[in-house]
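K.L.:
Build me a model:
(one chain, ligands or ions: 2)
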Amino acid sequence: MLYPLNLELSAKVCAIIGGGRVAERKAQGLLAAGARVTVIAPEATAGLRQLAEQRLLCWRQEEYRPGSLQELCPLLVFCTADVPAVNRQAAAEARSLGALVNAAAQPEITDFQVPSRVQRGDLLLTVSTGGGSPAFSRLLRERLEQEYPESFTAFMDWLAKLRAEIKQVPGGSDTHQQLWRQVLNQQIIDLVRAGELRQAEDEIRHGITDAGIKP
Ligand SMILES: C[C@@]1(CC(=O)O)C2=NC(=C\c3[nH]c(c(CCC(=O)O)c3CC(=O)O)Cc3[nH]c(c(CC(=O)O)c3CCC(=O)O)/C=C3\N/C(=C\2)[C@@H](CCC(=O)O)[C@]3(C)CC(=O)O)/[C@H]1CCC(=O)O
Ligand SMILES: NC(=O)c1ccc[n+]([C@@H]2O[C@H](COP(=O)([O-])OP(=O)(O)OC[C@H]3O[C@@H](n4cnc5c(N)ncnc54)[C@H](O)[C@@H]3O)[C@@H](O)[C@H]2O)c1
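P.N.:
Ligands and ions are numbered 1, 2, ... in the order given. Next up is the predicted model:
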């Protein structure tokens, strides 16, 4: 069974071996998370070249060779070359440097997989099939995008602010847990989904007042 975790990657060094379609997809996700990305590949897609020209990532236009990763000291290494032996070599070096390895087509050298995802502000929904069917992950992701539209971005922002207020309320975490379980119900999700943010927020505020709490 895979163990899910959401990594804080801002300013962390990540290396991508290979410059094809898979590399480009991985680079986009990593850049969105604020990582410092270096691509090592003799050739790169137009999209990757553009990102390099905009200095959003570093493209080392060369083949991977043992030692290439040494001075980078990356946290994560993505092996996406279309030569399995190259990916194996890079993965071995990465591990010796303490990095975690992703190799989409070679599960035997993979430490972690990248899930399909929907981002709505701080709300992050991810889907994995453990490599069984990435196409099914995509299908589910498309459904989740419809079920959790953009309105959730603003709602999550509001909810996090309210939680910060509630945290100041005396009673400790048991009281807070009980309160949240009472005021957050399935109907709230439906209201946010329908874009009725104001009503969702009012429902929550009323629930808090009914519980006798003044945030
Ligand atoms: C989630 C997503 C994220 C991302 O890539 O960032 C991702 N694949 C996506 C899409 C996708 N990938 C492929 C297709 C074509 C249809 C098909 O083949 O099924 C489609 C669908 C499409 O594009 O329509 C081909 C494919 N993928 C892998 C192999 C290798 C193999 O199976 O051996 C092959 C065959 C290559 C070949 O035949 O040459 C392997 C992996 N792909 C994973 C992630 C990991 C498992 C995640 C999981 O199980 O859920 C894992 C194990 C490695 C990893 O960690 O990257 C992204 C969803 C984007 C979205 O949400 O739209
Ligand atoms: N396209 C997909 O959706 C997908 C998904 C998962 C896995 N895969 C597999 O992952 C691999 C990469 O897929 P792709 O579509 O990005 O392939 P691609 O052919 O578009 O890209 C391969 C890249 O590897 C680079 N490369 C070759 N030798 C290298 C070396 N010695 N050092 C550094 N880079 C080197 C090439 O220059 C090229 O940029 C393939 O084996 C593919 O079967 C593809």
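
K.L.:
Next up, the contacts around the residue of the chain found nearest ligand 2.
P.N.:
Proximity of the chain to ligand 2 (Cβ to the nearest ligand atom) peaks at Gly20, 2.1 Å away. (C-beta placed from N, C-alpha, C; glycine too.) Gly20 makes contacts with Ala41, Thr45, Thr80, Asp82, as judged by Cβ atoms under 8 Å, 6 or more residues apart in numbering.

K.L.:
What separation is there between the first one and Ser116?
P.N.:
Read it as Ala41. Separation of Ala41 from Ser116 (Cβ to Cβ, to the nearest Å): 24 Å.

K.L.:
neighbour count winner among these two?
P.N.:
When Ala41 and Ser116 are compared for neighbours, Ala41 comes out ahead with 22 against 19, by other Cβ atoms under 10 Å.

K.L.:
I figured the more buried one hits Ala81, correct?
P.N.:
Yes. With contact defined as Cβ atoms under 8 Å, Ala41 counts as touching Ala81 (7.2 Å).

K.L.:
Which is the succeeding secondary structure element to the helix or strand bottoming out on mean pLDDT in the chain?
P.N.:
Least confident helix or strand, the chain: helix 172-183 with a mean of 86, by mean pLDDT, DSSP states H and E. Counting by DSSP states H and E, the element after helix 172-183 in chain order, helix or strand, is helix 186-193.

K.L.:
Which residues does that next one contact?
P.N.:
Residues outside helix 186-193 that contact it (Cβ under 8 Å, 6+ apart): Glu147, Tyr148, Pro149, Ser151, Phe152, Phe155, Leu197, Gln199, Ala200, Glu203, Ile204.

K.L.:
try it again with 7 Å
P.N.:
For helix 186-193, the surrounding residues in contact (Cβ atoms under 7 Å, 6 or more residues apart in numbering) are Glu147, Pro149, Ser151, Phe152, Phe155, Gln199, Ala200, Glu203, Ile204.

K.L.:
Kindly write the PyMOL command that selects the buried subset of these.
P.N.:
Restricted to buried positions by 16 or more other Cβ atoms under 10 Å, the PyMOL selection for those reads:
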select buried, resi 151+152+155+200+203+204
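
K.L.:
Sort out for me which of the contacts of helix 186-193 are in helices.
P.N.:
Glu147, Ser151, Phe152, Phe155, Gln199, Ala200, Glu203, Ile204 (DSSP state H).

K.L.:
Can you show me the helices along this structure?
P.N.:
With helices called from DSSP H, the chain shows them at 21-32, 46-53, 84-96, 134-147, 151-167, 172-183, 186-193, 197-210.
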